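Undergrad: Need the 3D shape of this:
(chains A and B)
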Amino acid sequence: MTERATTASGDRTSVPGPRAPGIDGPASAALLKAGRFFTRWDESADGRAVFREGGRAGDVFYRDRWSHDKVVRSTHGVNCTGSCSWKVYVKDGIITWETQQTDYPSVGPDRPEYEPRGCPRGAAFSWYTYSPTRVRYPYVRGVLLEMYRDAKARLGDPVAAWHEITTDPEKRRRYQSARGKGGLVRASWGEAVEIAAAAHVHTIKEYGPDRVAGFSPIPAMSMVSHCVGTRFIQLIGGVMTSFYDWYADLPVASPQVFGDQTDVPESGDWWDATYLMMWGSNVPVTRTPDAHWMAEVRYRGTKVVTVSPDYADNTKFADEWMPAQAGTDAALAMAMGHVLLKEFFVEREVPFFTDYVRTYTDLPFLIRLDPAEGAYAAGSGDTAAPPSVPGKFLTATDLTAGASPASPPDEDAWKTVLLDEATGQPVFPNGSMGFRYADSGKGRWNLDLDGVRPALTMAGPGAEQVEVLLPAFLEADGSGSVLRRGVPARRVGGHLVTTVFDLMLAQYGVARDGLPGEWPTGYDDVATPYTPAWQAEITGVPAEQCIRVAREFARNSEQSQGRSMIIMGAGICQWFHGDATYRSILSLLILTGCMGRNGGGWAHYVGQEKCRPITGWISLANALDWSRPPRTMIGTAYWYMHTDQWRNDGYSADSLASPLAKGHLAGKHTADTIAESARLGWMPFYPQFGTNPIQVAQDAEAAVEAGTAPSAAAYVAGALHDGTLKASIEDVDAPENWPRTLVLWRSNLMGSSAKGNEYFLRNLLGTHHNVLGSENPVTPRPADVKWHDEAPQGKLDLLLSADFRMTSTTLLSDIVLPAATWYEKHDLSSTDMHPFVHAFTPAIDPPWEAKSDFDLFHLLAQKFSDLAKTHLGTVKDLVSVPLMHDTPGETAQPGGRVVDWRSTGEPGTPGRTMPVFQVVERDYTAIAEKLATVGPLADTLGFTVKNVTFTVAEEAQRLARKNGVMLGGAGDGRPAIDTDEKLAEAILTFSGTTNGHLAVQGFKTLEERVGKKLVDLAEGAEEKRISFADTQVQPVPVITSPEWSGSETGGRRYAPFTVNIERLKPFHTLTGRMHFYLDHDWMLDVGEALPIYRPPLDMHRLFGEPKLGPDGAKQVTVRYLTPHSKWSIHSEYQDNLLMLSLSRGGPTVWMSPQDAGSIDVSDNDWVECTNANGVLVARAIVSHRMPEGVVYVHHAQERTIDVPKSEATGRRGGIHNSVTRLLVKPTHLIGGYAQLSYTFNYLGPTGNQRDMVSTVRKRSQEVTY
Amino acid sequence: MSTFLWGVLPYLCIASLVGGTIWRYRYDKFGWTTRSSQLYESRLLRIGSPLFHFGILLVFVGHVGGLVIPEAWTEAVGVSEGLYHFNALLFGGLAGVCTLVGILILVYRRRRTGPVFMATTKNDKLMYVFLVAAIVLGLWTTLVSVGAGSEAHNYRETVSPWFRSVFLLQPDVAAMEEAPIQFHVHAIVGMLLFALWPFTRLVHAFTAPLHYLFRPYIVYRSRDARGTGSRASRPGWSGVGTSDRERR
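TA: Coordinates of the predicted model:
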């Protein structure tokens, strides 16, 4: 409409000639004509529009509707990885709704943008603010509150009152058994906090600070909230349990291969890929705001391939779908590796690949070949020589020992060796662990080969042809067998050695002329691993497809210089052998030179892991400015032991071992391996000792004063040796070793992540449960952990949770505190998926009696400090921590040889063969003051991340000028962090990613060790300091910093390890390169020195569950998988009215028509899933999307929505985790050895749950609640 | 009693209808709606709604014919009482049955379709009672008439004059008294339905968008010449611009 008719339409004459363009036809034209006859109006030339004046009174309604008093920037801290910035609208003091922010800085020309980001779940969030599920007031369990008031009235002291309640067995039973059964009554903040503070003071006094625990996951999703609570727990000496490994989101392969944890590309870098695979990651559902990149990159010609057992949502975007059976992905990856090695390394050499692996991987490094022992010692067939087994990396020590009278320096044991192709002489190149800490390594910790071209293979004149034995796990029951293959080998310094590359070819079954052993006859060899035809039998993926995709993948990488990318996720990560699967897939990427490239490499997205301002957050969270070291704990082992799941564990570590094992795990129960790992200083375990660590510190000091021990640490080592001091784990069920208080905030442990939920209820909480199995008297019992005939029930004195909605966890808690939502507080957010940090801003004050986590912990700290005046005072605390990654501690145990001081008869050496023991002074009366100020250690010691120490004294002064200082008390004159905004400011100030000054300083420090130019990566941003106010204005891109391995310099999209590849900075591993080979004793014993396929655990063999498949009558046994849902983020949103309306709502189980048919179940019928761990009642969703033999029970369907009573127990059916349990893989417990060393959320046993099977049967359709 | 029913009640109902409608239009324009439930269920609605609505339109025409047009007029144009009666019963009955079947489908749908039932208010339920009762009672009068054949009561000598007299403000109570009971009940329920009308979703009948058919389908509305927008100007706020503008 551009032109108005000049005359009133009544005067218009019809256009003669051919039929005029009408509107709808003659009838409507006639009607219109009639209208014109009666009314005069002004209309457009084509008669489609009429113009009128006025009549807009109705506008007011819409103007009012869309006018707001303010629009506030905030986001959602829900661990979805989105970290989407939102506009929150407020009107008359009420939050009305939210819409997506669209002001992300541009990613540059020729590519799509980040804005807008968001999904329907986020858009539904504001519903919670005023929803019926909102926690509005502090609540305390009624029976507990009555007893407390009574005891306090009589005794006059909160701590004494708490003591009486928790030590009187009758009273203890009363409130513990009431957990989860309602009866929460309103209390005042003052009273609720007093009880909590009394419980903490009492626990520290009576049992020790290491019996105090806290759990709050995913700092990146709201750093300030996480930081303040963790800081409180660490200041009082409590234990923070980990989440990344506990969630099984942590890929153990990442430390194993890269020596770094989850450094991954931002989603904008998918746009750079030219071949994109999605392997076990359902991007549209679980990375909704980022999925557009995947869809868009197809328009650049990028091929998209998915691997998933079901017809997942991402499959409809894919050019090709590889439907591998659940849990068999490694078989597919191994076969792809077979094709790749054969066609791109052996039949044809691709210089792009071989140059890459020579510089950046351990492939050219030498591995010693040891003679096989026992039954395998005899040679086979045509070779006379006895076969060998691959052993340890050859090190400089192996070559220099005995060469000179002086013993070689310690670091030589950490210098790995390769052969110079030109001279055939051994070389120990720069960059290995031997150069990282030693003075001699200064300026030499880099990947510069100084002109040496490493020999990839030992083949050639003078090589011996050696038969090697390699473990394989080919049976569905998981039992091992032995492959006989051959490698070329040479003698170096008297040692028979071969390269990792030669071993890789042997492992993958890629034959070369003249080598002994049994080899596949071709790709079509069904019987011999790891051929495409062999994998087809296991995965169901056709061999031709496997070959085709492998070829395309490698050829693309060759032509695009490494731009093949694999987005990988929870579908393959969360299996028991997820680390093995990951290594087999990472191998494809590393062999083809894709790691450390934009558009290439791994893209592991499981959890919102990337807290970009990491140094500030982790240092303040762990209160490193006041005292060191903090107590951090591997969550999986903590819960496995303390919920007594170890008592029901049906297998020993033995059953995982390779037939070639040397017996390091022989006869060991999983609990034994955890105890050993703690004993040797590999992994932490808390509580530490049967004795209160405050007492231990006192005894140690006395011994040092008396001259009976040279140091406190030596005293502890001696006491552990002579048995006067006992490790807690060795009698974990004794009351003195129970965890006593647990604080949960920003977390829904019992509704979301507690694998073995029913064991938590029974043993930890002491309330009703649905455990169906009983302890099997035949199953092996641990040797190092004392067995009590009666398992304790109700270990925990206090479960405290803070949340803004009622969850399974709050229903079980003794005290529930009403938390502020994400629209009611100041905080910070970041993610792996984009390179920005941005703010949470309160749209309204917390309504009703809700308070932010920040205010909660300050209140708690104040009350705690008050009570501590009479009960605790200032004490010394003996803290035991393991050997840490990225510290010299990781070079404590050379060769990865297990030396157990207990079996040697000698006391261990703290910090070498056992944990580090350190005395920490704690002024318990000053906790509140310390919580609110940045302590003096920041100035004197600085903050260290990944072995780069940042000197922050100057920054602390700047912060003091900005935030002001506190006056009086312990924090007198120190920078204030007494509000959430100030703490956010401090986090940003102390991090290189948000403070260019520190980024430059860190790179300068790193340059000294590396000896390569690095500082230019951050120099342009030296003046840039991102303040909290900046993040409230707009999402701000971070600065390239040594805290991470990638670079954003010059507006580049973030991809991990680009600094390593482009600047020759080593990976944080033994060789300084990416590892295919892992030579720790335990790795060799489980047969996982090299990438390998391990089938899913056989739950029939290990736990006596029924065999998979229908039993022909009423029930079918299936794999029980818990992937993430389209309508929720963990447990959040599954109870949200809007999301419930979009989905079926309530507990559901997705089944294939075949499985449903076999037990006569139709869509929407009620079914029960059971196994030894518990029962779930749910409605069946029968869908062709599902493959036979697998059910999906979406993760975190809570007991708050539509959970009826089960027929199996008569009790209310559980949650998705009622049918799961914890299974600990011992190799995840390895420590003290280069990249296989502990750091919080870097390495630890995964709380995997994918290997579960469950029996499904139809139940009565009448349900009661 | 008769005086109240046929002399007072009609005026109360008219007052309620007229006054209520004006009140509703002034204060609840935004709530002036059919409260359509088509989004929740459309299969039954597709049958029931046209049956009912076209049926009730015919019923309305029939009532106009029967009540407003005096018998004398029809006789004047040569329509005999018998012929008139036959036609009225045939078409009136047919329309009535359509309406009744339509409304039964709609009521069934409203009760049996979860989301529709959830969207049903108490107000709706009350309205349905009167609406269905009025239709059923109307059909009853027809049935009785059919049963009586030529003996049937001629309402055009009792009810119709009374109806017209109401609007002449001289209610002929006596005429109405003579009508049989079924007409009495139907008339009372009908009056009450009209009294209720403005307070229910029945108001949508007054604003059926018939004029949409007679105008171009896009309407652009410019702001009123006076004022600065859709909001009424308030004291203390000066207008935008300068007085030059007014002078133009």
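Undergrad: A:Pro739 against A:Phe685, yeah?
TA: No: A:Pro739 lies out of contact with A:Phe685 (C-beta atoms under 8 Å); the separation is 11.5 Å. Any C-beta I mention is one placed from the backbone N, CA and C, and that applies to glycine too.
Undergrad: Quickly list what's touching both of these two.
TA: A:Tyr638 (C-beta atoms under 8 Å, 6 or more residues apart in numbering or on different chains).
Undergrad: Am I right that A:Thr632 sits in a strand?
TA: Yes: A:Thr632 forms part of a strand when assessed by DSSP: H, G, I helix; E, B strand; the rest coil.
Undergrad: how deep is B:Leu193 tucked in, by neighbour count?
TA: 20 (other C-beta atoms under 10 Å in any protein chain shown).
Undergrad: likewise A:Ile927?
TA: There are 29 residues near A:Ile927, going by other C-beta under 10 Å.
Undergrad: Just list the residues touching A:Trp901, thanks.
TA: So A:Trp901 contacts A:Arg679, A:Leu680, A:His721, A:Pro907, A:Gly908, A:Thr909, A:Thr913, A:Met914 (C-beta under 8 Å, 6+ apart).
Undergrad: Could you find the closest non-adjacent residue to the closest residue to chain A within chain B?
TA: Nearest residue of chain B to chain A: B:Phe214, at 3.0 Å (C-beta to the nearest C-beta). Distances taken as C-beta to C-beta, 6 or more residues apart in numbering or on different chains place A:Gly35 nearest to B:Phe214, at 3.0 Å, with adjacent residues excluded.
Undergrad: my guess is A:Glu421 meets A:Thr457, correct?
TA: No: at 9.5 Å, A:Glu421 does not count as touching A:Thr457 under the criterion of C-beta under 8 Å.
Undergrad: Those two: who's more crowded?
TA: Neighbour totals were compared for A:Glu421 and A:Thr457, and A:Thr457 leads with 20 against 15 (other C-beta under 10 Å).
Undergrad: so that one, which of the three states?
TA: Secondary structure, three-state DSSP: A:Thr457 is coil.
Undergrad: re the thing from before, which ones are touching the residue nearest to B:Phe214?
TA: B:His211, B:Leu213, B:Phe214, B:Arg215.
Undergrad: how deep is the residue nearest to the second one when sequence neighbours are not counted tucked in, by neighbour count?
TA: In space, and not counting its chain neighbours, B:Leu213 is closest to A:Leu31: 4.9 Å by C-beta to C-beta, 6+ apart. Per other C-beta under 10 Å, the neighbour tally for A:Leu31 reads 16.
Undergrad: Which pLDDT value does the model give A:Leu31?
TA: The score at A:Leu31 is 89. That number is its pLDDT.
Undergrad: On the three-state scheme, it is what?
TA: Going by three-state DSSP: A:Leu31 is helix.
Undergrad: Quickly find the element holding the residue in the stretch 101-250 of chain A that chain B sits nearest to.
TA: Closest residue of the stretch 101-250 of chain A to chain B, C-beta to the nearest C-beta: A:Pro132 (17.2 Å). Per DSSP states H and E: A:Pro132 is located in neither a helix nor a strand.
Undergrad: circling back: how much space separates the residue of chain B closest to chain A from A:Gly47?
TA: 13 Å (C-beta to C-beta, to the nearest Å).
Undergrad: again, but for A:Ser67
TA: Where A:Gly47 is concerned, A:Ser67 sits at a distance of 36 Å (C-beta to C-beta).
Undergrad: Let's verify A:Glu98: helix, strand, or coil?
TA: strand.
Undergrad: from the stretch 1051-1200 of chain A, which residue is nearest to chain B?
TA: For the stretch 1051-1200 of chain A, C-beta to the nearest C-beta, closest residue to chain B: A:Ser1141, 10.1 Å.
Undergrad: And the contacts of stretch A:104-112?
TA: A:85, A:113-115, A:117, A:268, A:271, A:292-293, A:296, A:834, A:836, A:1034-1037, A:1051, A:1053.
Undergrad: and those residues, which of them are in helices?
TA: Among the contacts of stretch A:104-112, the ones falling in helices (DSSP state H) are A:His292, A:Trp293, A:Glu296.
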